[in-house]
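Colleague: I'll drop the sequence and a predicted model, then ask my questions.
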Amino acid sequence: MGNYTIAVLPGDGIGPEVTDEAIRVLDAVASRFGHSFTYQKRLVGVAAIEAEGDAISDASLQVCQQSDAILFGAVGGLPSYDGSHKVKPEQALFKLRKGLQFFANLRPVKPLNSLLSASPIKSEVLRGTDLVVVRELTGGLYYGHLEPPVPGKPSEIRQTQQGKSAIDTLLYSEAEIERILRVAFEAARDRKKKVTSVDKANVLSSSVLWRQVANRVAADYPDVTFEHMLVDACAMHLIRKPTNFDVIVTENLFGDILTDEASMLAGSMGMLPSASLGTRETAHGRLGLYEPIHGSAPDIAGQGKANPIAAILSAAMLLQYSLGLKSEATAIATAVEQVIQAGYRTEDLSEEGTEVLKTQEMGQKIAAALAQ
Ligand code: NAD
């Protein structure tokens, strides 16, 4: 039994809808296991820009800093937001990552057996897939060489005699590579004990350094099987034989692309959770930010069509990684599986012979399964 404080940043579009259901499920966990969760709700994204003039205010950032974990919905994409503001909603995520030093993004992909037919990939290829992509989050091509680094901004566009040209730089230090590799090896120790380090060492110097550091770190984990793989080969093998992977660790941009590809293995964006972790310790473990991988889905916002499972599974990751409540996290995963197994679906997963539920109804079913 414990008392925990969770910062909640629902955001825009379907963000608040799916976050409400994650909270409903956390409340069901609290009742079943005798915990107490205190939620500190704050604005983020367009909601924060319109009310507070920034994608996330310093006061909200401080609330996040002082919490045990952060539950995040989604930002951006509101039709009412005309984009004329200097501040962009996505800056909230960059500010949170930078401010709270979240350098590792974990995205597990484990398609449920009863949902295999929802994926465009053949069921026999998918069955047994259980992998996690560990993506470096605060370096690489996303940040360029500007000092201080400016996320999301081209490093340099120059006028030349032949017209404009642009440069992006892919910079990694040994320390940055080592800390993300260690996250991957530690994660593998809790799983199937295999790490695949993905790079482009046949072309990029940063990848040659990445390999050197990865080999050195791997020597500290003799119990974990280790391999290198080129990013282009990895993109192919993810679709050809996803069951061969356990933990994939890679650079920021490679990870961005591979995780979207991997999301298709699970059938819908609405199924995949994520965790962003750093080094900041709290009274209960490591501070982390937990969010579904999908965006604010303006096309379905306000219609009760959003699948809340990615947000609910993000709450499960929060329990496991930041609060150290592994049994509680497993209980959520089991409840989700039971509800899907029983034939309930949201619209994105609907198939013949299943019952389509609204966002809130799906949250209620999962919370009820936890209570049993
Ligand atoms: P999106 O993920 O919001 O939507 C892509 C498609 O998937 C849409 O058809 C949507 O209806 C569907 N979808 C997404 N989540 C779903 C769910 N839970 N249930 C059912 N269907 C779901 O991506 P997009 O349309 O490219 O982006 C919309 C906005 O979200 C943009 O402003 C983008 O910048 C922002 N975005 C934010 C984040 C974030 O907050 N971390 C991540 C990605 C995109």
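Modeller: Sure, I can see it.
Colleague: Where do the strands of the stretch 251-372 of the chain begin and end?
Modeller: 273-281, 286-292, 344-345, 355-356 (DSSP state E, counting those that start in this stretch).
Colleague: For the first one, buried residues please.
Modeller: Within strand 273-281, the residues scored as buried using 16 or more other CB atoms under 10 Å are Pro273, Ser274, Ala275, Ser276, Leu277, Gly278. All C-beta atoms are positioned from the backbone trio N, CA, C, and that covers glycine.
Colleague: dump the residue contacts of the residue in the chain that the ligand sits nearest to.
Modeller: With CB to the nearest ligand atom, the shortest gap between the chain and the ligand falls at Gly295, namely 2.4 Å. Going by CB atoms under 8 Å, 6 or more residues apart in numbering, Gly295 touches Gly13, Ala74, Val75, Gly76, Gly77.
Colleague: ok, back up a step: let's have the strands of the stretch 251-372 of the chain in CSV, adding mean pLDDT and distance to the ligand.
Modeller: Shown next, in CSV, are the strands of the stretch 251-372 of the chain (pLDDT from 0 to 100; distance: least, CB to the nearest ligand atom, whole Å):
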stretch, mean pLDDT, distance to the ligand
strand 273-281, 92, 9
strand 286-292, 96, 6
strand 344-345, 96, 11
strand 355-356, 95, 12
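Colleague: For stretch 338-355, measure first residue to last.
Modeller: Start and end residues of stretch 338-355 are separated by 14 Å (CA to CA, to the nearest Å).
Colleague: neighbouring contacts of that stretch?
Modeller: Under CB under 8 Å, 6+ apart, the answer for stretch 338-355 is 112, 114-115, 117-118, 267-271, 305-309, 356-359, 362, 365-366, 369.
Colleague: need the helices for the stretch 251-372 of the chain, in chain order.
Modeller: 252-263, 309-321, 326-341, 359-371 (DSSP state H, counting those that start in this stretch).
Colleague: and the ones you listed as CSV, adding mean pLDDT and mean neighbour count?
Modeller: What follows is the helices of the stretch 251-372 of the chain, written out as CSV (pLDDT from 0 to 100; neighbours: other CB atoms under 10 Å):
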stretch, mean pLDDT, mean neighbour count
helix 252-263, 91, 20
helix 309-321, 97, 27
helix 326-341, 96, 18
helix 359-371, 97, 20
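Colleague: For the closest residue to Gly140 other than its chain neighbours, give me its contacts.
Modeller: Using CB to CB, 6 or more residues apart in numbering and skipping residues adjacent in sequence, the residue nearest Gly140 is Asn252, 3.5 Å away. Contacts for Asn252 (CB under 8 Å, 6+ apart) come out as Arg135, Glu136, Leu137, Thr138, Gly139, Gly140, Leu141, Tyr142, Tyr143.
Colleague: other SSEs contacting the helix or strand of the chain at the bottom of the mean pLDDT ranking?
Modeller: In the chain, the helix or strand scored least confidently by mean pLDDT, DSSP states H and E is strand 156-160, which has a mean of 75. Packing partners of strand 156-160 (3 or more CB pairs under 8 Å, 6 or more residues apart in numbering; DSSP states H and E): strand 163-167.
Colleague: The strand it packs on: partners in the sheet, and parallel or antiparallel?
Modeller: Using DSSP bridges, the strands paired with strand 163-167 are strand 156-160 (antiparallel).
Colleague: So Val208 is in contact with Ala201, correct?
Modeller: Yes - using CB atoms under 8 Å, Val208 is in contact with Ala201, at 5.2 Å.
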